[in-house]
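1. Structural data only, the sequence is not supplied:
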């Protein structure tokens, strides 16, 4: 069932539709919240507070097709609020999920170690970004949201999102130095 249909069903009184929306988005919301606020306890609070806000305000959502950016706007603002309140802005590595290789392309132990070190170095560089740059990086690369979706979710202009992505990439490139792996990753993402 599409998000729009679930929103309409919930607005018509079907509470099970909300449960389906929650199940569909809870992992991504929790991961995003964790990357922004930096600790598991606060990220769970952000998840809970965000979905409470969604529950309360979803009946008033006029355009069910705008549910996804509306949800992300709530999540991001709730996470930023926690950061301001707690002063906690440093995500940790445990939330980053490793990609699973294809069955026929299993990397060697040495390759796995090198990849893990590269991910940790990249994570450290992302952690040093300010919260607004880090947020657009998280949404763009880890939630695979488009620039337009990020703009809608953060309540900013598309140009602002592009500017923050450009600045974040430049900062990451500078912090990661001449590392071929990272420069290739950043350049690949700019295309």
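-> It's in. Since the structure is predicted, the reported quantities are computational estimates derived from the model, not experimental observations.
2. Quick one: low-confidence residue ranges for the protein.
-> 86-110, 112, 114-115, 178-191 (pLDDT under 70).
3. and it, what are its domains?
-> The chain is divided into the following domains under automatic domain parsing: 3-86, 105-190.
4. and residue 130, backbone torsions?
-> phi -70, psi 170 (degrees, to the nearest 10).
5. Pull the number of nearby residues for it.
-> Residues within reach of residue 130, counting by other CB atoms under 10 Å, total 12. The C-beta positions use only the backbone N, C-alpha and C, and glycine is treated the same way.
6. Looking at the domains of the chain, which one is packed in the most?
-> Highest mean neighbour count among the domains of the chain (mean count of other CB atoms under 10 Å): domain 3-86, with a mean of 17.
7. Could you check how far that domain is from the centre of its chain?
-> 13 Å (CA atoms, centre = their mean, to the nearest Å).
8. what do you get for stretch 133-148?
-> 6 Å.
9. Could you list the residues in contact with that stretch?
-> For stretch 133-148, contacts defined as CB atoms under 8 Å, 6 or more residues apart in numbering pick out 28, 31-32, 35-36, 72, 76, 79-80, 89, 91, 96, 126-127, 129, 149-150, 153-154, 158, 161-162, 164-165, 167-168, 171-172, 189.
10. Among these, which ones are in helices?
-> 28, 31-32, 35-36, 72, 76, 79-80, 126-127, 149-150, 153-154, 158, 161-162, 164-165, 167-168, 171-172, 189 (DSSP state H).
11. Please enumerate the strands of this protein.
-> Shown for the chain, no strands are assigned by DSSP state E.
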